[in-house]
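In: Below is the structure, and that's it, no one-letter string:
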């Protein structure tokens, strides 16, 4: 039953993650964001095509759907497996990232890149990690104007902080369950980095698209 609870948590997260707010926003305007700009259904491409208000709606929606997935898991398993709840919430978060990146109803299962969803994991799993992740993102974008670089740093910082805060007892994770948490955090990090593989190639080549603050 413990294994089943993890499977259920991933499934709950996946279907919550499949709700692509950017995609449905564009559909309301009789357009398809996946055929505009970078073709990504995430916040950055929405901002470039529809402006900051649409981007804010998309970002908040993609953050909150992860938090909702974690809350659902907490309600279902909180009393049954309280000692496993931290891990179950992270399973839900990982499922949400996968659902956002690979929704079942999109062509070639292509969705977003999971950065807003990772922010949702930070909010629902370990809010104390938010300042460093946010600081790195803002600093990277402000200095380089590369949103992709800031996004990659968020993913890496999430993993590093999860390990550090766990080892120092800031995250209340039993020693026996820490390896499982670390593996999940690593999977989430790698998922975000892999979805940015084309951006990484352009960054290395020096021709990555820069964000225009105007």
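Out: That came in fine, so what should we check first? The structure displayed is predicted, hence computed values, not measured ones.

In: What mean pLDDT does the helix of greatest length in the chain get?
Out: The longest helix of the chain (DSSP state H) is helix 52-77. Across helix 52-77, pLDDT averages out at 95.

In: If you count contacts, what does the least confident helix or strand in the chain by mean pLDDT end up packed against?
Out: Taking mean pLDDT, DSSP states H and E as the measure, the chain has helix 43-50 as its least confident helix or strand, at a mean of 88. Packing partners of helix 43-50 (3 or more C-beta pairs under 8 Å, 6 or more residues apart in numbering; DSSP states H and E): helix 21-28, helix 52-77. Any C-beta I mention is one placed from the backbone N, CA and C, and that applies to glycine too.

In: follow-up on the earlier one: now do the longest helix of the chain against helix 21-28, angle only.
Out: Here the directions of helix 52-77 and helix 21-28 differ by 130 degrees (axes from the mean of the first three to the mean of the last three C-alpha atoms, to 10 degrees).

In: What segments of this protein are strands?
Out: In the chain, no strands are defined using DSSP state E.

In: Output the helices and strands packed on helix 43-50 as JSON lines; include the columns mean neighbour count and distance to residue 97.
Out: Output for these, formatted as JSON lines (neighbours: other C-beta atoms under 10 Å; distance: least, C-beta to C-beta, whole Å):
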{"stretch": "helix 21-28", "mean neighbour count": "19", "distance to residue 97": "15"}
{"stretch": "helix 52-77", "mean neighbour count": "20", "distance to residue 97": "8"}
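
In: Now do the contacts for the nearest residue to residue 113 once chain neighbours are set aside.
Out: Nearest non-adjacent residue to residue 113, counting by C-beta to C-beta, 6 or more residues apart in numbering: residue 195, 4.1 Å away. Residue 195 is in contact with 101, 112-114, counting by C-beta atoms under 8 Å, 6 or more residues apart in numbering.

In: what's the answer for residue 14, then?
Out: Neighbours of residue 14 in contact, by C-beta under 8 Å, 6+ apart: 95-96, 98-99.

In: So which of those is surrounded by the most neighbours?
Out: Using other C-beta atoms under 10 Å as the neighbour criterion, residue 96 leads these with 33 neighbours.

In: ok, back up a step: of the contacts of residue 195, the lowest pLDDT goes to which?
Out: residue 112 (84).

In: Please report the distance of that one from residue 135.
Out: 23 Å (C-beta to C-beta, to the nearest Å).

In: higher neighbour count, these two?
Out: More crowded of residue 112 and residue 135, by other C-beta under 10 Å: residue 112, with 30 against 12.

In: which stretches of the protein have low pLDDT?
Out: Filtered on pLDDT under 70, the chain yields the residue ranges 212-214.

In: Which positions in stretch 131-143 come out as buried?
Out: Using 16 or more other C-beta atoms under 10 Å as the test for burial, stretch 131-143 gives 132-133, 136-137, 140-141.

In: same check, this time on stretch 85-105
Out: Buried, per 16+ other C-beta under 10 Å, within stretch 85-105: 85-103.

In: tell me the contacts of residue 181?
Out: 86-87, 90, 162, 166, 171, 173.
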